[in-house]
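Participant: Make a model of this:
(4 chains)
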Amino acid sequence: MEKFLASIDRRYIYIVLLLVVLFPLIRPIGLPISISSWTESFYAVIDQLQAGDIVVMSIDYSPSGGPDVGPQAVAIFDHLMAKNVKVIGVSFLAEGPPQLQQIINPYMEGRGKTYGVDFVNLGYAAGLETAIAAFNADMKRAFPVDFFNTPTNTIPLMQSVTDANDVKVVMNFATGIPGPAEWVRQLAGFSPDILIGVVTVMGPQTEPYYQSGQIKGLLSGLRSAAEYEVRAGMPGSAAAGMDAQSLGHVVIILAMALGNLAYFLGRKGGAK
Amino acid sequence: MNLSVGITLAAIMTIACYSYLWRENTLYRIAEHLFVGLGAGYSIAMGWNNVKTNAINPLLNDGQYILIVPLLLGALLFTRFLPGSNKWLARIPMAFLVGTGIALSARAAVLAEFVQQIRATIIPLNSVNNILIVVGTIGVLAYFFFSSKFTEGIPGLKYGALVGRYVMMAAFGAAFGNGVMGRISLLISRLQFIFGSWLGLM
Amino acid sequence: MLETGRIFAMISLLVCWVAVYYFIDRARKGDVPTLRRIPGLDALDEAIGRSTEMGKPVFYSPGRGNLTTSSAAATIAALDILGHVALSTAKYKCDIVVGISDPAVYPLAEEIVRTSYRTANVGDMFKPEMVRFLSPDQFAFASSCLGIMSREKVGAAVMMGFWQAESLLLAEGSAQVGAISIAGCDRLFQIPFFVAACDYTIIGEELLAGGAYLSGDPIQSGSLAGQDLVKLFAVVLLVVGVVARTAGSDYFVKLLAK
Amino acid sequence: MRRSLPLTITSFVGFWIVFDYFVKIDFVRTWTVNFTNWVIIVAAFALGLGAVNLLRIHGKRVTERRPGWMESSVLLVALVYMTVTGIFLGTSSEAFLFAFTNLQQPLSAAMFSLLVFFIASASFRAFRARSIEAAVLLISGVILMLGRAPIGEVIWTKFPDIADWIMQVPNLAGNRGIMIGAAIGIVSVAMRVLLGIDRGYMGQE
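Facilitator: Coordinates of the predicted model:
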């Protein structure tokens, strides 16, 4: 038995996984999505914001991890626009600005919003955690121009802000460094609430900051984006992927179970 | 099916990467090198942007002459490519980067990750969960005692370390489970792209 | 003049610095603390030996950390361990391929490998291609490592330092070419993938202790003993604080917020 | 000079910045902000270091027609294209963003998504309950997966609750312990570097 299982070419596993995940994407099953306490508290912070409040969204995810964390940022940006909250978009990862642009593009022309008044893309600053510290201390100095080379001191939205104390909420969407640790460290002592969205794998290590109250809400991965979409009543691409995710898990769990079965059978055989 | 140049290129790139699953091949190798080149060029462009907007423009337009200092430091980084004995000059900007970087993370780590985390663990032992959190945290700390000076001197540390190991394994399990979930999202997004945006089957 | 809310942090910082400095100083004067065993590191020589027998090169990577952020500690440790690994491959007259992601780490790694081969009196075996700068981009780097492992059929793969999601790509990639693999990471969230796919795993701070453990460097060993004392300080704070809190006093919670 | 000057710089800016965190002095704060803003500029230069390395390595391979020179020329063309469009047309220009969106982004995402296949084969090949510890890891992982994927809830309604408990109790304790230990590590490395005890970043020569 173990020899047989061990002799299976890994490429068969790849094909099975591919087909199983593909199936519900073409034919959705419609499994229910419940909302976790983490997403609920994230939503509560956003929901309390008033029209005209200013928030920061820092897009610090790489294009590789984007599919896992990006849908969160999209859902939240849509929600903020619907609530007439103003958004300062920024990035401390070189690949960030074009991805931020992809989020705000639908609002660049139409939808009743104006670039520079309702939202802005400040672009990227090198220097990771140090750059974040510089931004918190003086935003316009760390970003003299925005992504389109417009001087930030001429942008209407930037007129009423100097440092991080001038915004209500700072959100960081991350796949690694810079991420929650850097933002929590560098915002210690500033007034805004911190909200974090990360790739699923970073959820567990971010938990201590949530439990200690250093961050007010935590989204991890596509599942949280799906929950947020459902909670905000704006179903989008994340919710559509949930069935596929369920079946994918089944394949992985079965692979583990089979491997272990073979292992224990083999061990039993060896003991005889 | 969407045959626009951009989408088709993106689809080919995806397939080139996936071809590695079959075996290493020429298409994968080309994608690999293309990727490295694009990434490097991207960083240069973004870096230049920063230098221009944060240093050169304020220097020339607003007369902030002090910015000559960081510009000079930045230029010195490249002395390591010089032949001869001037390579050491690259250490000066490195020293500046290391000094600021490590000081900024240390000063904040002691507050956000040492004091505030200990403070958050000072909870009353009035529930099973609270007891587990306190004992688990101490156990993990005990696991990472390295010098025998302390491991042998303090009774109970050995058992604490054992508890710590189990707690960490449970935490690793959580990270693994979450990790699997996240990775499936990535596959979903690629499949949505290939079969939806490109082939139009969804 | 002192920032409120940071006073206890300042005291903790000073406690840590004094403790670490004191033990480093004692170690320099000859009182070097002994360290507990770290099994994964003991397996390094076995892996290199096996790779040599098969006539295959050893792959090493110090991870994707750099020297200027909080990943510096892991990167410095990974470079220390590289020194040890390169010395072993040099002694066995085995080839090594080092994959680098951070440009500032590159010249250091090259120097370390060259010095190791020279120390083992096989300086002429060293080739500059042994240490390769691949890419600062996460997955461009990972794809290059995968390419190297399968094209050059490495016999052992050692991954130490700061890692992110690329960890499993490298670990499973090395398993696919039949290489023995040892990995270590100071961050928790990548360790389960290393545990799942590698033959030996070095967990968390064990990595930071690794350099001291392998080299027996008194300064680093002393520093570790100092850090242990600070951990003890943390444990005592926790125990006293929790007991007081359970008895109804939130004195320590307030103290730590000062 | 070759060692003492860099060491002095590291210590000076390092201690300055640490000092600034704990005391309120305007002059000190102003210069900390200056230093951090300078880092943005110097770090931006550093982004070019990798590219120069690649140009040297792959340029040599192409000019000497060594094995792999074809792939290396692909790399160089991509590097030059991104650099030229990004610098001369701008990083928000169409030519630059086209290559980012249609080449770099899909390559990056596809490469990352390979992981799920590797997880599947590693799960099958290596993830064994060899010891009690390994079993704890496995069980906690499986419960987490079942608790967070919608299908788990359909199988047993308690899975999400157990998964939440794992996240909020053992996972919290495990991560917190590691976080406190790591903070001590960072602080002591900082001391060694700022005092010049650890000079690994400067190299040996």
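
Participant: Find the residue ranges of chain D scoring beneath the pLDDT cut-off.
Facilitator: For chain D, the stretches with pLDDT under 70 are D:200-201, D:203-205.

Participant: for it, longest helix please?
Facilitator: In chain D, taking DSSP state H as the definition, the longest helix is helix D:26-63.

Participant: Is it in proximity to chain A?
Facilitator: Yes - with Cβ under 8 Å from any Cβ of the partner chain as the criterion, chain A is reached by helix D:26-63 at D:33, D:36-37, D:39-44, D:46-47. Glycine gets a C-beta too; all of them are placed from N, C-alpha and C.

Participant: Could you measure from residue C:172 over to chain D?
Facilitator: To chain D, residue C:172 is 4 Å away according to Cβ to the nearest Cβ, to the nearest Å.

Participant: Residue A:69 too?
Facilitator: Applying Cβ to the nearest Cβ to residue A:69 and chain D gives a distance of 12 Å.

Participant: From the residues of helix D:26-63 next to chain A, keep the buried residues only.
Facilitator: Neighbour-count burial (16 or more other Cβ atoms under 10 Å in any protein chain shown) applied to the residues of helix D:26-63 next to chain A gives D:33, D:36-37, D:39-44, D:46-47.

Participant: Identify the farthest-apart pair in those.
Facilitator: Spatial extent of those (Cβ to Cβ) is set by the pair D:33 and D:47 at 22.1 Å.

Participant: before we move on, the earlier item: helices or strands up against the longest helix of chain D?
Facilitator: helix A:128-137, helix A:139-142, helix B:26-51, helix B:68-76, helix B:91-109, strand C:131-133, helix D:4-22, helix D:69-84 (3 or more Cβ pairs under 8 Å, 6 or more residues apart in numbering or on different chains; DSSP states H and E).

Participant: Packing partners of the shortest one?
Facilitator: What that stands for is strand C:131-133. Packing partners of strand C:131-133 (3+ Cβ pairs under 8 Å, 6+ apart): strand C:96-100, helix C:105-119, helix D:26-63.

Participant: Residue C:69 against residue B:108, yeah?
Facilitator: No - look at residue C:69 against residue B:108 with Cβ atoms under 8 Å: they stay out of range, at 11.6 Å.

Participant: Looking at the two, which one has more neighbours?
Facilitator: Using other Cβ atoms under 10 Å in any protein chain shown as the criterion, residue C:69 and residue B:108 rank with residue B:108 on top: 27 against 24.

Participant: Wait, residue C:192 touches residue B:172, no?
Facilitator: Yes - with contact defined as Cβ under 8 Å, residue C:192 counts as touching residue B:172 (4.0 Å).

Participant: which residues do the two both contact?
Facilitator: Taking Cβ atoms under 8 Å, 6 or more residues apart in numbering or on different chains as the criterion, residue C:192 and residue B:172 both touch D:137, D:141.

Participant: picking that back up, ranking the helices and strands packed on strand C:131-133 by burial, who's on top?
Facilitator: strand C:96-100 (a mean of 25; mean count of other Cβ atoms under 10 Å in any protein chain shown).

Participant: Report the inter-axis angle for it versus helix C:105-119.
Facilitator: Interaxial angle of strand C:96-100 relative to helix C:105-119 (axes from the mean of the first three to the mean of the last three Cα atoms, to 10 degrees): 160 degrees.

Participant: What are the boundaries of the helices in chain B?
Facilitator: B:5-22, B:26-51, B:57-62, B:68-76, B:91-109, B:116-121, B:128-143, B:148-153, B:157-191.
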